[in-house]
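S.K.: everything below, folded, please.
(one chain, ligands or ions: 2)
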Amino acid sequence: MEQVKKIIDEKAQGQALITETKKENAKKLFIESYGCQMNMNDSEIVASILADNGFNTTQNLEDADLVLVNTCSIREKAETTIRNRLKKYNAVKKINPSMKVGVLGCMAERLKSKFLEEEKIVDLVVGPDAYKDLPNLIEEIEAGRDAVNVILSKDETYGDVSPVRLNSNGVSAFVSITRGCDNMCTFCVVPFTRGRERSRDPKSILEEIRSMQKKNFKEITLLGQNVDSYLWYGGGLKKDFKNASEIAQATAVNFAQLLDMCATEFPKIRFRFSTSNPQDMTLDVIHVMAKHSNICKYIHLPVQSGSNAMLKAMNRQHTREEYMELVDNIYKIVPEMALSQDMIAGFCGETEQDHQDTLALMNHVKYDFGFMFAYSERPGTLAEKKMKDDVPSEIKKQRLQEIINLQQEHSLYRTKQHVGNIEEVLIEGESKKSNKHWKGRNTQNTVVVFPKEHYTLGDFVNVKIEDCTTATLIGRAVGYSDNN
Ligand code: SAH
Ligand code: F3S
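M.R.: Residues are numbered from 1 along each chain as shown. Ligands and ions are numbered 1, 2, ... in the order given. Below you'll find the model as predicted:
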């Protein structure tokens, strides 16, 4: 028992998710998510499907009849973390042998039934497009058989599943608008694990937002691997249409139009979106952002590298010059826009000059923040098959550190620009460091911390920014904003 206690007390890096319970449900589900926001949202879809099939969620691993872990394959380290987590489940299973363990998400899709051989603890393997099959698969494992469904779909968007909001602050939530990715960046495993790109019916997106507004949610982030290529023309794959005019003839809705529809119908809800791909982002989107005060002035615009040679090797469909031109245009149309990056250090064949080009591009853009990684070769990708992972790990680390250091400088430069301003902040929770302070974000997505006073969770308040660190603005509320 001592051993179990230790396991449970140990803070998982993933997020164990809980939600409200249904009285009639007798079984207990413990569900954890690793990786991207899409995985968090998918776990909410899974919890919703299982809530209709006898399962309430629990936060206690030792109580669970079923443990599901929603996994990430993006870098080797993500997979190692999950394998270690499975070891912990194993220790609990020794004490509770009837507990079943299922693996969801990208690792499930990548490893398929191999998972059952490699990790004896696993009973169930379910890929990202097969969650509706979970009730059947659970029947299989309850009958003592292993169960696997990793079939990827051309049109599954879960548009008809209303996600159960797990561990929600009741203020901000995610709504998926596309699934999969057709881009085939050579380093990336996502197209293999999440399948072909498909867009969700705008009607079901607006319906979901309507129901969330009724529940008093204040901020929605529209999610997709590549939101800018959102295109609804009746469902299925874009490539099933014979030509462009066939697509145009269907009543199509693109991302700029979807964003406009959302911001117009819900003026009191604040909208964000993620992730944008520079090759697909049009200035129409920026003009829609400029037009609506309820669309946050922040774009996550991954570039991966500032070198043309690397961009080409990565199969990113733009040059550094095109990217910088896009950024210049964005700043021209919306001068207060915040931008963030994803950057990969040490991709195949990267020279010191390529690395210097990355630093120079960062100096041009001066991102507000960034997510930076050392290249990690992923099985099955084009880079793994055709290119040599030839940058020594020490050099990768050193370049990554230089990128991080420069980003820190730029982040501080950006946060300093806010000091002295009065900015609208949506209160999203208590500050991690002090229970006397609220935390929220301004339109640019920068975290703002300020004394609670009489304000409450979910209020839009105007905050006078008095100080900053590289990542946080510190201030004092001066009143409610007009948005309340
Ligand atoms: N479009 C996606 C990108 C998913 S991957 C999205 O919605 O965020 C997130 C980031 O992980 C990528 O932008 C890239 O910077 C990084 N990444 C992907 N594959 C990687 C690899 N093999 N090694 C290191 N970083 C990687
Ligand atoms: Fe991956 Fe590139 Fe798509 S990074 S998710 S293949 S846009």
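S.K.: residue contacts, Glu76?
M.R.: Residues in contact with Glu76 (CB atoms under 8 Å, 6 or more residues apart in numbering) are 376-378. (Each C-beta comes from the backbone N, C-alpha and C, glycine too.)
S.K.: and if we set it to 7 Å?
M.R.: Ser376 (CB atoms under 7 Å, 6 or more residues apart in numbering).
S.K.: ok, it to Met372 distance?
M.R.: Distance from Glu76 to Met372, counting by CB to CB, to the nearest Å: 16 Å.
S.K.: which bits of the stretch 151-300 of the chain sit near ligand 1?
M.R.: Taking CB under 6 Å from any ligand atom as the measure of proximity, the stretch 151-300 of the chain contacts ligand 1 at 187-188, 190, 225-226, 275.
S.K.: residues of stretch 351-370 that come out buried?
M.R.: Applying a neighbour-count criterion of 16 or more other CB atoms under 10 Å, one finds 354-355, 357-358, 361-362, 365-370 buried in stretch 351-370.
S.K.: re the thing from before, will you turn the residues of the stretch 151-300 of the chain next to ligand 1 into CSV that also has neighbour count, secondary structure and pLDDT?
M.R.: CSV is the format used below for those (neighbours: other CB atoms under 10 Å; DSSP: H, G, I helix; E, B strand; the rest coil; pLDDT from 0 to 100):
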residue, neighbour count, secondary structure, pLDDT
Phe187, 26, coil, 98
Cys188, 22, coil, 98
Val190, 22, helix, 97
Gln225, 21, coil, 94
Asn226, 21, coil, 93
Thr275, 20, coil, 95
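S.K.: which among the buried residues of stretch 351-370 are in contact with ligand 1?
M.R.: Among the buried residues of stretch 351-370, no residue is within reach of ligand 1 (CB under 6 Å from any ligand atom).
S.K.: tell me which two in the residues you listed are the farthest apart.
M.R.: By the measure CB to CB, Asp354 and Asp368 form the most distant pair in the buried residues of stretch 351-370, at 24.0 Å.
S.K.: what is the subsequent helix or strand relative to the helix or strand containing Val69?
M.R.: Using DSSP states H and E, the element containing Val69 is strand 66-71. Moving toward the C-terminus from strand 66-71, the next helix or strand (DSSP H and E) is helix 76-95.
S.K.: which other helices and strands contact whatever helix or strand comes next after that next one?
M.R.: Once the chain leaves helix 76-95, the next helix or strand it forms, by DSSP H and E, is strand 100-104. When contacts are defined as 3 or more CB pairs under 7 Å, 6 or more residues apart in numbering; DSSP states H and E, strand 100-104 sits against strand 66-71, strand 124-126.
S.K.: where do the strands sit along the stretch 201-350 of the chain?
M.R.: Under the criterion DSSP state E, counting those that start in this stretch, the stretch 201-350 of the chain contains strands at 219-223, 231-232, 253-254, 270-274, 298-300, 338-345.
S.K.: Phe369 touches Ser340, doesn't it?
M.R.: Yes - with contact defined as CB atoms under 7 Å, Phe369 counts as touching Ser340 (4.8 Å).
S.K.: who's in contact with the longest helix seen in the chain?
M.R.: Criterion DSSP state H: the longest helix present in the chain is helix 393-416. The contact list for helix 393-416 (CB under 7 Å, 6+ apart) reads 343, 345-346, 355, 358-359, 362, 366-370, 372, 374-375, 446, 468-471, 473.
S.K.: give me that answer again for 8 Å
M.R.: 338, 341, 343, 345-346, 350, 355, 358-359, 362-363, 366-370, 372-375, 391, 446, 468-473.
S.K.: could you do stretch 468-484 as well?
M.R.: Taking contacts as CB under 8 Å, 6+ apart, the residues outside stretch 468-484 that touch it are 268, 270, 294, 369, 408, 411-412, 415-416, 418-419, 422-424, 442, 446-451, 453, 455, 459-467.
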